[in-house]
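S.K.: Make a model of this:
(chains A and B)
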Number of protein chains: 2
Amino acid sequence: MSIQSFIPPQRTLMGPGPSDVSQRVLSALARPTIGHLDPNFIAMMDEVKQLLQYAFQTSNSNTMAISAPGSAGMEACFVNLITPEDTVVVCRNGVFGERMVENVKRIGAKLVIADSPWGRAVDPQILEDTLKNNPQANFVAFVHAETSTGARSDAKTLCDIAKRHQCLTIVDAVTSLGGIELRVDDWGIDAIYSGSQKCLSCVPGISPISFSEQASEVIRNRTLPVQSWFLDQSLVMGYWSGEGKRAYHHTAPVNSLYALHESLLMLQQEGLENAWTRHQKQHKALATGFARLGLDFIVPEAERLPQLNSVYIPKGIDDANVRQFLLQEYNLEIGAGLGQYAGKAWRIGLMGFTARSENVVLCLSALENALAKFS
Amino acid sequence: MSIQSFIPPQRTLMGPGPSDVSQRVLSALARPTIGHLDPNFIAMMDEVKQLLQYAFQTSNSNTMAISAPGSAGMEACFVNLITPEDTVVVCRNGVFGERMVENVKRIGAKLVIADSPWGRAVDPQILEDTLKNNPQANFVAFVHAETSTGARSDAKTLCDIAKRHQCLTIVDAVTSLGGIELRVDDWGIDAIYSGSQKCLSCVPGISPISFSEQASEVIRNRTLPVQSWFLDQSLVMGYWSGEGKRAYHHTAPVNSLYALHESLLMLQQEGLENAWTRHQKQHKALATGFARLGLDFIVPEAERLPQLNSVYIPKGIDDANVRQFLLQEYNLEIGAGLGQYAGKAWRIGLMGFTARSENVVLCLSALENALAKFS
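M.R.: Sure, this is the predicted structure:
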């Protein structure tokens, strides 16, 4: 073996995540490791919880960070809340709705899929009709910001419909948290999960989650053990809960939580509404540039996520050639299409720390040169 | 909120993990984040795999790092290999054997527990007898290095017995990897998992795992879907496999994998046997000092782990007072007792980068002062 220390290139990350991580967060990440039961660390975890409550706009006491990526956060919400006796309506309009379907199947619960077209928001009327036809349904799950297409669903309206039908709601906020308006308590979201590496611009690997009091009650009252020991919230809560002695469950990812703390602190210092406005402003600038370059969005304007811009690859342009050129020539990463859009679209992220003017102009100039070179 | 950036104290970590992380690994951790599908990152993952094969002493192609802590690595081994039709013998001699029991229960497989006393190695005769009495058993699981007690089991002999009874073996190497002799291929281990934060002295949050060809065949042939989507190896392998295009499964913890790469490289540069010898040498020095202080080991000498030294708390000494004093006065963390030994023992780690002479003398002097102060 002739392996050497790995020195990564310095990229600009404008794909679907991870987004650019600021030096401030990287420096926090690299601070000396301390024990996961160290009183200083426990105090920091309490701050992470407070900062997450702010980011989610919730007073849920059951708010914490799962020690694994967003897909584990998704699984944590499903396996803790749902048993084979439940009926779950999954609104599916992309890859991550499909992943929810997979989760329900593996639990063995009754599954009802409410399909909306890819590249569009979840259609509230389709959910309404599905719930009318399935009065036994007791959970509704949907993706707030579909990372595979860049579509933004109206989480407030979908939650309203679910509540009128006496359903608890499970919401994927992996790409939405910190990038667009999200109000867990006001909107009646019962279980929500996100990822560290999108609009929080923390390093990948951590999943913030939160459960409403009603959802926490469901978890407390379940008799069937959660199928995952690692994700069993009744155990994890013993480590994250605010009162008394912390019970060891697993060793927390200490340094990654330093980084999450710092990224959440940056969000709090900027102000949540200011962060939402910044994403929208940079998106507008990017969209104006795309129009100039003749690039068409997949998603209709009213349903677009500012933080994830999916555009069709122009006819005659080779997907891989362009992305490779951007990476090699400009150290610029943009995302490939996913699922139905593989090879047909690019996904251009403006998430968190990436959502800055310098990146918008870099991306537009680099894309212009790439299109000229390969057309 | 008046939260500020978190600046952790500089500790010396001599508990049961995390161990001290070297500046070399912390610096690797803080390098710029790149995409999880970046060609440079994929090349680094291939190196991580090679380095893990060296550390595990295996040629298993199905060797990788789970994007979550050791307890998720444990769960990955169990949920991928075992179905409700299987019969699993779990050798239990501490907390982590009990955790294996929990995993088997949540799968709904048939469970046979082979108990050995806490603080002792797993008794091979007990396993032999258990297998004779349970000829339908097809899996044997045990903990190589029981972190709750400091007992070292004879993994080679236990695997031999399991093989003679046509069982596949699942081995917990969370605390053993890099600290004591471990030879996955020579010993016939079929599934093994470890943790990043013990004798590898990487940051916590990652779990190296490896499956033998026979175990991989079991995974490929299963018809029942794995109950965890996140840990489903048939999907994860599409991202970690060496050939062709990598399929997106979840976003890898990019920076933590930089750190793992660096810590494994340090192990490879030191040499595996040299690392084992170093742990043994520092353990001897620590044990000599303990004898001088009148501290008695829980585990008989022949069954002791060099990297985790459990000693009884002397009569009349208050556990919490001593640990708090060590932390406040010397920034020294030692571990509390766990499970049956809670309040009765200390666990003093000499894992990875922590296993250095300067830490041995610090620990002995600090403990001597603490015992004098509180007796």
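S.K.: how about the helix or strand containing residue A:113 as PDB, C-alpha atoms only?
M.R.: Residue A:113 belongs to strand A:110-115 when assigned by DSSP states H and E. C-alpha atoms of strand A:110-115 as PDB (Å, rounded to 0.1, in the frame of the first residue of the first chain):
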ATOM      1  CA  LYS A 110     -50.800  -0.600   5.600                       C
ATOM      2  CA  LEU A 111     -49.700   1.700   2.800                       C
ATOM      3  CA  VAL A 112     -51.700   4.100   0.700                       C
ATOM      4  CA  ILE A 113     -49.800   6.100  -1.900                       C
ATOM      5  CA  ALA A 114     -51.000   9.400  -3.100                       C
ATOM      6  CA  ASP A 115     -49.100  10.200  -6.200                       C
END
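S.K.: right, and the helix or strand after that strand?
M.R.: helix A:124-133.
S.K.: With just CA atoms, put that following helix into CSV.
M.R.: In CSV, the C-alpha atoms belonging to helix A:124-133 read as follows (Å, rounded to 0.1, in the frame of the first residue of the first chain):
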residue,chain,number,x,y,z
PRO,A,124,-53.5,19.0,-1.8
GLN,A,125,-56.7,17.8,-3.6
ILE,A,126,-55.1,14.4,-4.2
LEU,A,127,-54.4,14.1,-0.5
GLU,A,128,-57.9,15.2,0.4
ASP,A,129,-59.4,12.6,-1.9
THR,A,130,-57.1,9.9,-0.7
LEU,A,131,-58.0,10.5,2.9
LYS,A,132,-61.7,10.5,2.0
ASN,A,133,-61.3,7.1,0.4
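S.K.: by contact count, what packs against that helix?
M.R.: If you count contacts as 3 or more Cβ pairs under 8 Å, 6 or more residues apart in numbering or on different chains; DSSP states H and E, helix A:124-133 packs onto strand A:87-92, strand A:110-115, strand A:139-143, helix A:155-164. Every residue, glycine included, has its C-beta placed from N, CA and C.
S.K.: Check the offset of it from the chain's centre.
M.R.: In this view, helix A:124-133 has its centroid 25 Å away from the chain centroid, taken as Cα atoms, centre = their mean, to the nearest Å.
S.K.: how about that helix: buried residues?
M.R.: Judged by neighbour count using 16 or more other Cβ atoms under 10 Å in any protein chain shown, the buried positions of helix A:124-133 are A:124, A:126, A:127, A:128, A:130, A:131.
S.K.: Include distance to residue A:347 when you put those into a markdown table, please.
M.R.: Converted to a markdown table, those look like this (distance: Cβ to Cβ, whole Å):
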| residue | distance to residue A:347 |
| --- | --- |
| A:124 | 25 |
| A:126 | 24 |
| A:127 | 25 |
| A:128 | 30 |
| A:130 | 28 |
| A:131 | 31 |
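S.K.: First-to-last residue distance for stretch A:161-178?
M.R.: Stretch A:161-178 has its terminal residues 24 Å apart, counting by Cα to Cα, to the nearest Å.
S.K.: Same check on stretch A:8-26?
M.R.: Termini of stretch A:8-26 sit 14 Å apart (Cα to Cα).
S.K.: which one of the helices and strands packed on helix A:124-133 is the most hemmed in?
M.R.: strand A:139-143 (a mean of 28; mean count of other Cβ atoms under 10 Å in any protein chain shown).
S.K.: Need the helices and strands packed on helix A:124-133 in CSV (columns: mean pLDDT).
M.R.: Formatted as CSV, the helices and strands packed on helix A:124-133 follow (pLDDT from 0 to 100):
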stretch, mean pLDDT
strand A:87-92, 98
strand A:110-115, 98
strand A:139-143, 98
helix A:155-164, 98
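S.K.: Need those in JSON lines (columns: distance to chain B).
M.R.: Converted to JSON lines, these look like this (distance: least, Cβ to the nearest Cβ, whole Å):
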{"stretch": "strand A:87-92", "distance to chain B": "13"}
{"stretch": "strand A:110-115", "distance to chain B": "13"}
{"stretch": "strand A:139-143", "distance to chain B": "14"}
{"stretch": "helix A:155-164", "distance to chain B": "22"}
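S.K.: Between these, which one is closest to residue B:362.
M.R.: strand A:139-143 (51.4 Å; Cβ to Cβ).
S.K.: elements contacting the closest one?
M.R.: Helices and strands touching strand A:139-143, by 3+ Cβ pairs under 8 Å, 6+ apart, are strand A:87-92, helix A:95-107, helix A:124-133, helix A:155-164, strand A:168-172.
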